[in-house]
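**Q** The following block contains a protein sequence and its predicted model.
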Amino acid sequence: MITVQMIFDFLQQKAPLSAAEPWDNPGLLAGDGSKPVRRVVTALDVTPDVIRQAAADGAELIVAHHPVIFAPLHTLPADHPVYLLAQHSLAALCWHTNLDVAAGGVADTLAAAFGLTGITAADGYTRIGTLPRAMTPLELAGTVNRTLHTRVRGCCGTGPVRTLAVFGGALDENSLPHLLQADAIVFGECKHHVRLLLARSGKTAWEAGHFATEHAVSSVLAGWLREAFPQLHVTVAEERAPFFTPDDPA
Ligand SMILES: [Zn+2]
C-alpha cells in the first residue's frame, strides 16, 4: 500500500523542502499523510478544474508545483480550491521553489527543452547553455513559440544567439546579472521595471509566459512517480494557460 506520506518522502529525496525559499509554502498542504493512494494527478496549479479532473479520475492525491495555500486564508468560500479538495477527500502535495532548483526540476526541464549543452547554474533558478545552432533573435523567438507553445514578447539584441539563459516563472532583477552573461534570455514573466532593464541591456530577451515556462514540470513529476511507484496510476492534468492571445487560432 502506498500512502501520501510515502510519496511525500520520495519527493523529499528528489527535491528537498529544505531547498525552498524562506517565504515559500511547499509541502503537504491539504489532506492526510496516512491515506492510501492508488491514483495521482500531477499539475502546475491546483485549480478547481484540475480538482474536477482528479475527482473524476478517482484520484486520492494531486501533486502540483504552485502552493494551493500561499497567503493566509481568512475565509474559505465554497469555490476555493482548498474547500473543493476537502469535498473530494483529495490530498495536495505542492513542491514549489524546491522543485524549481532541483536536479531535473523546473529550471533543468526548461534548459532541456531548448537542447542546451554545457549548462551552468549560477543560482538555482537560472540555467545558461549553448544552443544546438546559432540563430538570429527572431529565429529564437520562433523556436521559443514552437517549443513552449506560446507567443513571446520581448526585445531584440544585435548579433546571433549562441548562448541562452533560461528562467522559468517570474523573473526579478536579482537574477539579471547572471542571465545577462548569455546572448539571449528566455523567461516566464517580469514586472515593467525589469522589462526596462532588459530592453536597455542590448541583449535579446523573450518573455514566454509563466505557464509556458513551467507547465512541463507536471509531466516531470508524473515521470518521477511512475518510475518510483510502478503500481500507482499517474495522470497529468490537462491545463491551459489562464490567459490566451485573441488572434491565436488555437
Ligand atoms: Zn511558477
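**A** Received, thanks. As the structure is a computational prediction, the values presented were derived from the model and not from experiment.

**Q** where are the low-confidence patches of this protein?
**A** Applying pLDDT under 70 to the chain flags residues 248-250.

**Q** what does it put close to the ion?
**A** 169, 214 (CB under 5 Å from the ion). Placement of C-beta: from N, CA and C, glycine included.

**Q** Distance of the nearest residue to Leu84 once chain neighbours are set aside relative to Val41?
**A** Distances taken as CB to CB, 6 or more residues apart in numbering place Ile51 nearest to Leu84, at 4.6 Å, with adjacent residues excluded. Look at Ile51 and Val41: by CB to CB, to the nearest Å, they are 9 Å apart.

**Q** Looking at the two now, which is surrounded by more residues?
**A** The residue with more neighbours, out of Ile51 and Val41, is Val41; 29 against 25, by other CB atoms under 10 Å.

**Q** those strands in the chain, which residues are they?
**A** 27-30, 39-43, 61-64, 91-94, 117-120, 126-135, 153-155, 161-171, 184-190, 204-207, 233-236 (DSSP state E).

**Q** elements contacting the last one?
**A** Here strand 233-236 touches strand 39-43, helix 217-228, going by 3 or more CB pairs under 8 Å, 6 or more residues apart in numbering; DSSP states H and E.

**Q** would you list those in JSON lines and tack on distance to Gly105?
**A** Converted to JSON lines, the helices and strands packed on strand 233-236 look like this (distance: least, CB to CB, whole Å):
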{"stretch": "strand 39-43", "distance to Gly105": "13"}
{"stretch": "helix 217-228", "distance to Gly105": "7"}
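
**Q** Pick the most deeply packed of these.
**A** strand 39-43 (a mean of 25; mean count of other CB atoms under 10 Å).

**Q** which ones are touching the residue in the chain that the ion sits nearest to?
**A** Of all residues in the chain, Gly169 sits closest to the ion, at 3.5 Å by CB to the ion. Taking CB atoms under 8 Å, 6 or more residues apart in numbering, we find Gly169 in contact with 100, 106, 125, 187-189, 210, 213-214.

**Q** returning to what we had before: ranking the strands of the chain by burial, who's on top?
**A** Of those, strand 61-64 is the most buried (mean count of other CB under 10 Å), at a mean of 28.
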